[in-house]
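Participant: Let's see this in three dimensions:
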Amino acid sequence: MTRPSIGVFDSGVGGLSVLREIKQRLPHEPLVYFADQTHVPYGSRSLNDVQALSEGITRFLLEQGCELVVVACNTASAAALHLLRSNFPTTPFVGMEPAVKPAAERSETRKVAVLATPATFQGALFASVVDRFADGVEVVEIVAPGLVELIESGQTTSGEIDSALSEALEPAKSQGIDTLVLACTHYSFVVPAIQRILGPNVIIIDPAPAVARQTERLWEGKDAGANTSEGAGTQSGISARYITSGDPGAFRSSMLKLVGEGANTEPASWVAGTLIATS
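Facilitator: Okay, here's the model as predicted:
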């Protein structure tokens with residue numbers, strides 16, 4: 001009998017930053033990672049589109065035996081997390097919430113910036129987080145056009161990366177922010193470039209470790225997770241399946257550049273709004 005697994009999805013390779021943290025906390029649990037590279041980036045799509053895609057991916061992951069789903073995409077979390085929890089009430093979900101609260105608590109200048117996609121800023125989730133946790137704090141919204149696409153190709157250091165980040169971050173620097181929240185999972189892979197541009201005194205908050213901790217709590221609270229014996233996974237602790245709606249070869253190449261692992265990747269296709277595994 002196939003062991004239950006944890007499903008993780010993103011529009012592309014960005015969610016690998018979250019998967020990496022989950023692997024460290026749950027090294028012996030089976031994982032399924034899905035990258036919807038046919039539709040990347042989600043940040044420029046309508047909320048309705050992202051909701052429909054997220055629902056289709058969730059159905060697909062449940063068919064693969066996943067019993068917990070991590071929405072490792074800030075845009076999808078902002079647009080669809082509430083809908084997913086409503087439509088799949090027996091499935092636990094972990095989503096990405098912009099880490100405005102810890103940023104506000106750590107900021108001394110009371111000026112923080114959030115680096116995200118336009119769709120994340122449009123969602124009700126972001127407005128709710130700011131209302132709840134940023135009282136008396138100036139929140140600077142930053143978008144970096146084209147940055148997701150560069151990271152999708154496996155780039156983390158290049159003149160193009162530096163140019164995109166420098167242009168995007170300049171307004172935040174000029175306003176005296178001392179804390180930056182990463183609100184797109186892709187951006188975790190360019191933290192060194194961001195730190196170099198902002199300087200060593202600016203705190204950068206990556207929510208991926210917190211998402212992994214929440215995933216661990218929920219998984220170990222389930223019978224499936226609680227009854228799993230230590231070491232039941234592969235010897236190396238890596239037991240993930242990787243699936244993409246894009247080019248499996250291109251995904252493997254980007255994955256190798258970003259996380260140093262070029263695992264076998266399975267293809268899947270969207271057919272009339274339904275996601276189907278293909279050989």
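
Participant: dump the residue contacts of Glu97.
Facilitator: By CB atoms under 8 Å, 6 or more residues apart in numbering, the contact set of Glu97 is Ser77, Leu125, Val129, Pro207. Every C-beta, even on glycine, is put in place using the N, C-alpha and C of the backbone.

Participant: ok, it to Val71 distance?
Facilitator: 10 Å (CB to CB, to the nearest Å).

Participant: overlap in contacts of these two?
Facilitator: Shared contacts of Glu97 and Val71, counting by CB under 8 Å, 6+ apart, come down to Ser77.

Participant: before we move on, back to that, compare the contacts of Glu97 and tell me which is most surrounded.
Facilitator: When neighbours are taken as other CB atoms under 10 Å, the top entry among the contacts of Glu97 is Ser77 (28 neighbours).

Participant: Pop out the phi and psi values for the nearest residue to it once chain neighbours are set aside.
Facilitator: Of all residues not flanking Ser77 in the chain, Gly95 sits nearest, at 3.7 Å (CB to CB, 6 or more residues apart in numbering). With angles defined as degrees, to the nearest 10, Gly95 sits at phi -120, psi 180.

Participant: residues contacting Thr215?
Facilitator: The contact partners of Thr215, by CB under 8 Å, 6+ apart, come to Ile6, Ile22, Arg25, Leu26, Leu68, Val70, Val94.

Participant: what about the strand or helix carrying Lys257, average pLDDT?
Facilitator: In this structure, Lys257 sits in helix 248-259 according to DSSP states H and E. The average pLDDT within helix 248-259 is 94.

Participant: Show me what that helix is packed up against.
Facilitator: helix 16-25, strand 240-244, strand 265-271 (3 or more CB pairs under 8 Å, 6 or more residues apart in numbering; DSSP states H and E).

Participant: Also compute the angle for whichever helix or strand comes after the first one relative to helix 16-25, please.
Facilitator: In this case it means helix 16-25. Tracing the chain past helix 16-25, the next element assigned as helix or strand by DSSP H and E is strand 31-35. Taking axes from the mean of the first three to the mean of the last three CA atoms, to 10 degrees, one finds strand 31-35 and helix 16-25 inclined to each other by 180 degrees.

Participant: Only alpha carbons, please: show strand 31-35 as CSV.
Facilitator: Taking C-alpha atoms only, strand 31-35 is exported to CSV below (Å, rounded to 0.1, in the frame of the first residue of the first chain):
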residue,chain,number,x,y,z
LEU,A,31,6.6,14.3,-0.7
VAL,A,32,5.0,15.2,-4.0
TYR,A,33,6.1,18.5,-5.6
PHE,A,34,4.1,20.0,-8.5
ALA,A,35,5.3,22.9,-10.6
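
Participant: Neighbours of the nearest residue to Ala76 once chain neighbours are set aside, how many?
Facilitator: Leaving aside its chain neighbours, Ala76 sits nearest to Ser54 (4.8 Å; criterion: CB to CB, 6+ apart). When neighbours are defined as other CB under 10 Å, Ser54 has 26 of them.

Participant: All set now, cheers.
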